[in-house]
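Novice: Got a predicted model here, sequence first, then my questions.
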Amino acid sequence: MTTYGAELIYQTKDLYGKIEVVDHQQKFRSLHFGNNTQQSAMLLSNPFLLVHQYTQAMLLPTCWLTPKNVLILGLGSGSIVKHLYNYFRETVIDAVELREEVIDVASEYFLLPDIDERFTIYNKSAFDWLDSNNGEKKYDLIIVDMFLTSKQGKDLAIDVTKYISILHDMLYSNGTIVFNHLGNNAYSYPSYHNLFKIFSGNLFMVDIESTNLILYASRGHVPASISAELLRDYEIQYILPYTHYFNKLNKI
């Protein structure tokens, strides 16, 4: 069966809508939630490589900090989990995903790592998980990438405004939170005012082709410059185009 101009290899549905897996000429595989938007993508020849620019940019902080503990709110197909698990061998990852079927699809079709001492999945609402954490767990890096798709096929960001202070307190002193925003205007991000108030002076952004804006809120020092040689070394080690995104990093 053909959909989105490619081969539909799996389809299911839950309370929140469709979940579709599509193969493109046996070169890469994408995850869809009932519309053309690729929620995630995976190269079949290299499943650990980050395909989408916004996912690459979300890991930009790993060029100024080496995360020991990472929290990911919103799993998708697990692209960021796989990259961290494969290239950052000392990192422990917690992922929170509301939709059980999404977790199953990520495991079955996108080579999500098995749960072990370095990787844990919590199948529950991110808000419920944050409420139950009570500040017990802390992280160097927190990634917020949560969306649902409306019945009309529009991608809707989940508003985390009420949880910004909780997320802030869950960071170690050098930690950074990364947010994926659909659009190119930081001021339109639902949590912008809380972020600016709590992280004033340490709020940054990278514009991804005017379609996604990646926001970085840090408790620690974000360097104004990093040597070209060091960035190249990191690019080789972690297979990420750090130089490109670091040069696009702007303070808000």
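Specialist: Great, that's in hand.
Novice: what is the mean pLDDT for the helix or strand containing Asp94?
Specialist: Under DSSP states H and E, the secondary-structure element containing Asp94 is strand 92-96. Averaged over strand 92-96, pLDDT sits at 98.
Novice: and the nearest residue to Ala95 once chain neighbours are set aside, what element?
Specialist: Setting aside the residues directly before and after it, Ala95 is nearest to Ile72 in space (CB to CB, 6 or more residues apart in numbering), at 4.5 Å. C-beta: built from backbone N, CA, C; applies to glycine. Counting by DSSP H and E, the element that carries Ile72 is strand 69-73.
Novice: before we move on, what about Ile103?
Specialist: When secondary structure is defined by DSSP H and E, Ile103 falls within helix 100-109.
Novice: report the angle between the axes of that helix and strand 92-96?
Specialist: For helix 100-109 and strand 92-96, the angle between their directions (axes from the mean of the first three to the mean of the last three CA atoms, to 10 degrees) works out to 130 degrees.
Novice: now helix 100-109, how far from the centre of its chain.
Specialist: Helix 100-109 has its C-alpha centroid displaced from the chain centroid by 16 Å (CA atoms, centre = their mean, to the nearest Å).
Novice: cool, stretch 216-235 as well?
Specialist: For stretch 216-235, the distance between its averaged C-alpha position and the chain's averaged C-alpha position is 19 Å (CA atoms, centre = their mean).
Novice: now swap in stretch 3-23 and tell me
Specialist: Centroid separation between stretch 3-23 and its chain, computed with CA atoms, centre = their mean, is 21 Å.
Novice: What's the local residue count around the residue nearest to Arg118 when sequence neighbours are not counted?
Specialist: Among residues not flanking Arg118 along the chain, Val92 sits closest, at 5.3 Å (CB to CB, 6+ apart). Counted by other CB atoms under 10 Å, the residues lying close to Val92 total 18.
Novice: Which residues are in contact with Val92?
Specialist: Residues touching Val92, when contacts are defined by CB atoms under 8 Å, 6 or more residues apart in numbering, comprise 68-70, 117-119.
Novice: what's the closest of those to Asp155?
Specialist: If you rank these by distance to Asp155 using CB to CB, Val70 comes first, at 23.8 Å.
Novice: Just list the residues touching that closest one, thanks.
Specialist: With contacts defined as CB under 8 Å, 6+ apart, Val70 is in contact with 84, 91-94, 139-143.
Novice: What's the mean pLDDT across the strand holding Ile72?
Specialist: Here strand 69-73 scores 98 as its mean pLDDT.
Novice: Taking strand 92-96 as reference, get the angle to it.
Specialist: Going by the same axes, to 10 degrees, strand 69-73 makes 20 degrees with strand 92-96.
Novice: Listing partners with orientation, what would you give for strand 69-73?
Specialist: Using DSSP bridges, the strands paired with strand 69-73 in its sheet are strand 92-96 (parallel), strand 139-144 (parallel).
Novice: Switch these over to a markdown table; also include distance to Asn194.
Specialist: A markdown table is the format used below for the strands paired with strand 69-73 (distance: least, CB to CB, whole Å):
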| stretch | distance to Asn194 |
| --- | --- |
| strand 92-96 | 20 |
| strand 139-144 | 13 |
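Novice: quick one, which of those is packed in tightest?
Specialist: When the strands paired with strand 69-73 are scored by mean count of other CB atoms under 10 Å, the highest mean neighbour count falls to strand 139-144 (a mean of 24).
Novice: what distance separates that strand from the centre of its chain?
Specialist: Here strand 139-144 is found 9 Å from its chain centre; the criterion is CA atoms, centre = their mean.
Novice: contacts for it?
Specialist: The set of residues that contact strand 139-144 without belonging to it, under CB under 8 Å, 6+ apart, is 58, 61-62, 65-74, 80, 94, 160, 167, 170-172, 174-180.
Novice: I am finished for the moment; much appreciated.
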